[in-house]
Each structure stands twice: as C-alpha cells, then as structure tokens.
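Participant: the following block contains a protein sequence and its predicted model.
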Amino acid sequence: MLNITGKDGLKTKLRLNIRPYVEKFLKNVSKYYEVYIFTAATFHYANVVVNFLDPQLKYICGIFDRSYCLEPKSGFYIKDLSIFQNRKLQNMVIIDNMPHSFSYQINNGIPITSYTKNEADEELKYLSHYLIEGAFKDDLSEFNREQLNLEGLLKYNQEDLQFI
C-alpha cells in the first residue's frame, strides 16, 4: 500500500500488486534495451508506480501515458509505435496483457498474462530470457513474428468479429 497525493491534493492509498522477479527483470532487460512504460493509465498513476519500482530511474527511461495512446471507437486504448519517429520499428516491442493494445504493430507485441497475485508466477523470468535472445537479432519484430505468430491471432479475431 502506498500513500499518495493526487494532482488535486487529495490523499489516497494505492494498492500495488507487484509481479515476482520485476526488479531482476528490469535490471537484466535494461542492459539490452531502453525500457519505457507505455501505459493506458494516467501519468500520475504511472509515475507513482515507476517511482516505486525504480526510484532512482536506473532501469526505466520514461513514461508514455494514455495521452500518447489512440482511443478508437471501441473504447480500448491502442499503443501505436509509429509515434516514435526517432526509433526503428524493427527494434521496438510492447509487452502487454491486452493484445489489442499493440494491434497496430502486431509483430512488435509480446502478450503477457495478467498478474493475479500468484507468488509462483514466473512470467518475467521467461520474458527476460526471450527478450535477451531477441536483443541479438537484426530485426526484433521479425524474430517476434517467427516465434509468436500473432498475425494468426489477429486474423482469427477479425474473422470472429464478422459473425457478431
């Protein structure tokens, strides 16, 4: 539980559920990648979480909050990597528990299960190994496409929606 003060000056408590291995994950992955938090949350909320996880900003380079997301008619926030014009798309990935969040660049997305307070959860251990392996590839999005085949999932979902 964190005691925080909102933009409006109101004090509140924020409960964080921290996935096991997050500190080790950030430490390992930041050796190979620039790590940014790209979230559909507000900046204030994301900033509180980042300050808790990495108070000295050793591993996390910055925050892109919901103001950087697209909100199509569906109401879901979409994280469009094309906003980063100073980076090559082939070198970026989004890790998200909501695959629609990276649907504009499906081959740059890595789905992760939602965290449910399971202390035996090892998702970040597996993800760390995957990302480190990908760091040595010329095209991370191609590596991701070959390993995950998420285009098939997107195609399946689009076909599924046609029957609604």
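Facilitator: On my side now, so go ahead. Residues are numbered from 1 along each chain as shown.

Participant: next, the contact list for the residue nearest in space to the middle of the chain, please.
Facilitator: For the chain, the residue nearest the mean C-alpha position is residue 95 (3.6 Å; CA atoms, centre = their mean). Shown here is residue 95, whose contacts under the criterion CB atoms under 8 Å, 6 or more residues apart in numbering are 109-110, 112, 127. Yep, even glycine has a C-beta here, placed from its N, CA and C like the rest.

Participant: which ones among these map onto strands?
Facilitator: Taking DSSP state E as the definition of strands, these contribute 109-110.

Participant: most surrounded residue in the contacts of residue 95?
Facilitator: Counting by other CB atoms under 10 Å, residue 109 has the largest number of neighbours within those, with 26 neighbours.

Participant: kindly provide the distance from the residue lying closest to that residue once chain neighbours are set aside to residue 120.
Facilitator: Distances taken as CB to CB, 6 or more residues apart in numbering put residue 102 closest to residue 109, at 3.2 Å, once the chain neighbours are dropped. Taking CB to CB, to the nearest Å as the measure, residue 102 falls 27 Å from residue 120.

Participant: which one of the two is surrounded by more residues?
Facilitator: Taking residue 102 and residue 120 together and counting by other CB under 10 Å, residue 102 has the greater number of neighbours (24 against 5).
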